[in-house]
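>>> need the 3D shape of this:
(chains A and B)
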Amino acid sequence: MRTLIGAVIAVVAGLAFAGGGTYVLVSSLAPDEASQLKNAPAPNNSNPDTVNYGTP
Amino acid sequence: MRLVLPAVSAVLALLVLTPLLGRGFVLNYDMVFAPDQSLVPDGLGLGSALPRSVPADAVMSFATALLPGDVVQKIVLLAALFAGPLGAGRLVPTNSVAIRVVAAVWYGWSAYVAERLFMGHWPYLVTYACLPWIAAAGLAVRRGEPKALPKLILACVPAVLTPTGGIIAAVLAVVCSGRRKLAVTVPVTVLLNMPWLLPSVLHPGGSLSSPDGAGAFAARAENWGSPVTSVLGLGGIWNAEVVPGSRGMPLLPVITLLSVAVALVGLRSLAPRWGLAPARSFVVLGAIGVAIAVFGTLPGGGDVLAWAVSHVPGAGLLRDSQKWAAWWALPLSLGFALGVEAAGKYLTNRTALVALAALLPLITMPDFAWAGLGRLEVVDYPADWSAVRTVLAADDGAGDVLALPMSAFRRFSWNGDRTQLDPAPRFLPRTVVIDDVVYVGGRPVSGEDGRVATIRRAMARNDDLGAFGIGWVLVEHGTPGSVDPGVLRGLREVWSGPWLTLYRVPGVIAPPPAGAPRLPVVAGDLGALAVVASSLLWLLLPAGRFSRSGHSRTFEEQACAH
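Predicted structure coming up:
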């Protein structure tokens, strides 16, 4: 049981490494990622008369 | 080795906040700091608005009287992001520094912290940082340790700056202190919360809220998982705009469920170390936090919440329910660390396991680093703001300020077009009336301030604003929203710049509508201050120390004699 827990943790960590690495890689390859992440404007603040508090 | 945990906590805080440490202000969504915030009636809950930021605004008025506002802001944010992981690491019942580090990283690098920081909810960050210290002091009270009660009170103080923070802190304090201490902990925590509690109860317009917001502010799924998995992973805030992109990773729900499983295994070892009752109530409170957070997303839950918000005074606190998941953060972090410890005993490469476990939060949410990869930035207020402040401070005439266009939130190009709460109420030295209707997903959510509704109707009729206690009108330029020229007709322009124009309302200015009665509110403030001062004195003055140490020496002497 305890070995199983250890194995599960190791697998989770491995998957997270793989997933996180893939995510970071994909993010860094996308040419417009920086502009998307940096100061991303509120997506539906298109109405010039209101400032949207947020988007559910 | 003693310095490892503080060092790790400092690194975590600096990894996020380093780009923001220069002079200037971070203004994002609900986070507003001003160079020198004035103490106005709203800061004590004596205005017409519900006391949502009470006594935080009053405390900031005093703090910015001592230090510049931007320095105060950086100290608050750094302290919050440093003290949280440090407290969580210290709370783990283990002898292993590495396991403490795992808990610290899981607590400090969480989606809750990231999303609330990006949402500008700095009082929640402060509350979150206090929770491990409150839990530790509460457990000490339960064990009957000397001076534990004043330590518990002081640990709660930074958290009680807002109603939500006050409740989160008070409940955790009472739960950790145990049933036998209820007679002490309940009155003390109620007293600490008096500065916002009394203005809420005595608010002339009541404390009911609009049901519109119940659905709009419900927890949300951040990926293909449900809101439940998002909240279990300490995310799920209602506003998609403040969620780090990494929270959409497809693998995240799986990682969340597995980490919860590890935490539940680890929490089983909490009972032998803390005792069954405290361990059980600690975990149950975490589960209750998750349940409240996701309640509005369950079938029928939204309707119940909407009814409660509009019929039960104070139930508006249940809106934006994900904030209650703060109670789950400690059981998850401590449980995961203890689960890793349990697993490590049966693995040959324990170091690798612990290192992986400690790095997992950073790997899965790398875009929390460096102020959210540039999401937050430091800016300066344009000079117009100081100029208008000077004009208002120099005038002895009566009257509050009405900020136009009618909108609670602004988007200025000088702040990168970020959505930000109107800074006028905190920047200017008079009570500023701002619209309290907020737009969520393009749909309006009504506010509770009856005075704002009255003024809105008066403007539609082009009535004299002076009759409603408005002596000044401030028009903010370069932000969405329009101003009816009819409202400005007949007003005298006093100051104008590229970003602001200030008008004087001519004629007689009526007194503003009465808020909560002053005497009981100030008495409540003094009561809370008295509790805090007494706790400080009990810790600092030698009287308590002598009596306690005298007792213990006598006991030890007796033991030696036997």
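
>>> which residues of chain A fall in helices?
A:2-29, A:33-37 (DSSP state H).

>>> contacting residues around the closest residue in space to B:E341 that isn't next to it in sequence?
Spatial nearest neighbour of B:E341, chain neighbours left out: B:I99 (4.6 Å); criterion: C-beta to C-beta, 6 or more residues apart in numbering or on different chains. C-betas here are computed from N, CA, C, even on glycine. Shown in contact with B:I99 (C-beta atoms under 8 Å, 6 or more residues apart in numbering or on different chains): B:92, B:337-338, B:340-341, B:354.

>>> again, but for B:S246
A:20, A:23, B:252, B:364-368.

>>> ok, now B:A148?
B:137, B:140-141.

>>> B:V440 too?
Contacts of B:V440 (C-beta under 8 Å, 6+ apart): A:52-56, B:213, B:216-217, B:238.

>>> give me the helix or strand of the chain that scores worst on average pLDDT.
No chain specified, so I'll use chain A. Least confident helix or strand, chain A: helix A:33-37 with a mean of 45, by mean pLDDT, DSSP states H and E.

>>> wrong one, chain B
When the helices and strands of chain B are scored by mean pLDDT, DSSP H and E, helix B:542-561 comes last with a mean of 47.

>>> give me the low-pLDDT residue ranges for the chain?
In the absence of a named chain, this looks at chain A. By pLDDT under 70, the low-scoring segments of chain A are A:24-48.

>>> hm, I was asking about chain B
In chain B (pLDDT under 70), the answer is B:543-562.

>>> could you redo the last one with a cut-off of 50?
B:548-562 (pLDDT under 50).

>>> which one's the longest strand in it?
Looking across chain B with DSSP state E, the single longest strand is strand B:470-476.

>>> other residues contacting whatever helix or strand comes next after it?
For strand B:470-476, the following helix or strand on the C-terminal side (DSSP states H and E) is helix B:485-488. Residues outside helix B:485-488 that contact it (C-beta under 8 Å, 6+ apart): B:404, B:459, B:462, B:465, B:473, B:475, B:503.

>>> follow-up on the earlier one: now, which of the contacts of B:S246 sits nearest B:S48?
B:F368 (37.8 Å; C-beta to C-beta).

>>> OK, contacts around the closest residue to B:A56 other than its chain neighbours?
Nearest residue to B:A56, sequence neighbours excluded (C-beta to C-beta, 6+ apart): B:L161, at 3.9 Å. Applying C-beta under 8 Å, 6+ apart, we find B:L161 in contact with B:55-56, B:59, B:123, B:126-127.

>>> what's the spacing between B:S496 and chain A?
Per C-beta to the nearest C-beta, to the nearest Å, B:S496 is found 22 Å from chain A.

>>> cool, B:A528 as well?
31 Å.

>>> doesn't B:P195 make contact with that residue?
Yes. If you go by C-beta atoms under 8 Å, B:A528 and B:P195 touch, sitting 5.3 Å apart.

>>> so for these two, which residue has more residues nearby?
Regarding B:A528 and B:P195, a neighbour count based on other C-beta atoms under 10 Å in any protein chain shown identifies B:P195 as having more, with 28 against 23.

>>> surely that one touches B:V54?
Yes. The pair B:P195 and B:V54 passes the contact test of C-beta under 8 Å, sitting 6.1 Å apart.

>>> joint contacts of those two?
Jointly contacting B:P195 and B:V54 under the rule C-beta under 8 Å, 6+ apart are B:44-45.

>>> who are the contact partners of B:V105?
Contacts of B:V105 (C-beta under 8 Å, 6+ apart): B:8, B:12, B:85, B:358-359, B:361-362.

>>> quick check, B:V494 in contact with B:L502.
Yes. When contacts are counted by C-beta under 8 Å, B:V494 is listed as touching B:L502 (4.8 Å).

>>> overlap in contacts of the two?
Common neighbours of B:V494 and B:L502 (C-beta under 8 Å, 6+ apart) are B:391, B:472.

>>> so if I had to pick from those two, which one is more boxed in?
Neighbour comparison, B:V494 and B:L502: the larger count goes to B:L502, with 23 against 15 (by other C-beta under 10 Å).

>>> show only the entries of the contacts of B:V440 found in strands.
Checked against DSSP E, the contacts of B:V440 include these in strands: A:52-54.

>>> can you tell me which of the contacts of B:I99 is nearest B:A277?
B:L338 (17.9 Å).

>>> Three-state assignment for that closest one, please.
Under DSSP: H, G, I helix; E, B strand; the rest coil, B:L338 falls in the helix class.

>>> tell me, how many residues neighbour B:T18?
Residues lying near B:T18 (other C-beta under 10 Å) number 12.

>>> B:W385 too?
Neighbour tally, B:W385, other C-beta under 10 Å: 20.

>>> that one sits in which helix or strand?
Here B:W385 is assigned to helix B:383-394, by DSSP H and E.

>>> chain center to that helix: distance?
Computed by C-alpha atoms, centre = their mean, to the nearest Å, the chain-centroid distance of helix B:383-394 equals 29 Å.

>>> report the backbone C-alpha coordinates of it in CSV.
C-alpha atoms of helix B:383-394 as CSV (Å, rounded to 0.1, in the frame of the first residue of the first chain):
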residue,chain,number,x,y,z
ALA,B,383,-0.1,64.5,-11.9
ASP,B,384,-3.8,65.4,-12.3
TRP,B,385,-4.7,63.3,-9.3
SER,B,386,-2.5,65.1,-6.9
ALA,B,387,-3.6,68.5,-8.3
VAL,B,388,-7.3,67.7,-7.8
ARG,B,389,-6.5,66.4,-4.3
THR,B,390,-4.8,69.6,-3.4
VAL,B,391,-7.7,71.7,-4.7
LEU,B,392,-10.2,69.6,-2.6
ALA,B,393,-8.0,69.7,0.5
ALA,B,394,-7.7,73.4,0.3
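
>>> show me what it is packed against.
When contacts are defined as 3 or more C-beta pairs under 8 Å, 6 or more residues apart in numbering or on different chains; DSSP states H and E, helix B:383-394 sits against strand B:492-496, strand B:500-504.

>>> please redo it, this time with the cut-off set to 6 Å
strand B:500-504 (3 or more C-beta pairs under 6 Å, 6 or more residues apart in numbering or on different chains; DSSP states H and E).

>>> distance from the helix or strand following the strand it packs on to the middle of the chain?
Later in the chain than strand B:500-504, the nearest helix or strand by DSSP H and E is helix B:518-540. Centroid separation between helix B:518-540 and its chain, computed with C-alpha atoms, centre = their mean, is 21 Å.

>>> ok, now stretch B:371-386?
The answer for stretch B:371-386 is 20 Å, by C-alpha atoms, centre = their mean.

>>> stretch B:88-97 now?
26 Å.

>>> cool, stretch B:478-490 as well?
Worked out by C-alpha atoms, centre = their mean, stretch B:478-490 lies 34 Å from the chain centre.

>>> buried set for stretch B:481-492?
Residues of stretch B:481-492 classed as buried by neighbour count (16 or more other C-beta atoms under 10 Å in any protein chain shown): B:481, B:483, B:487, B:491.
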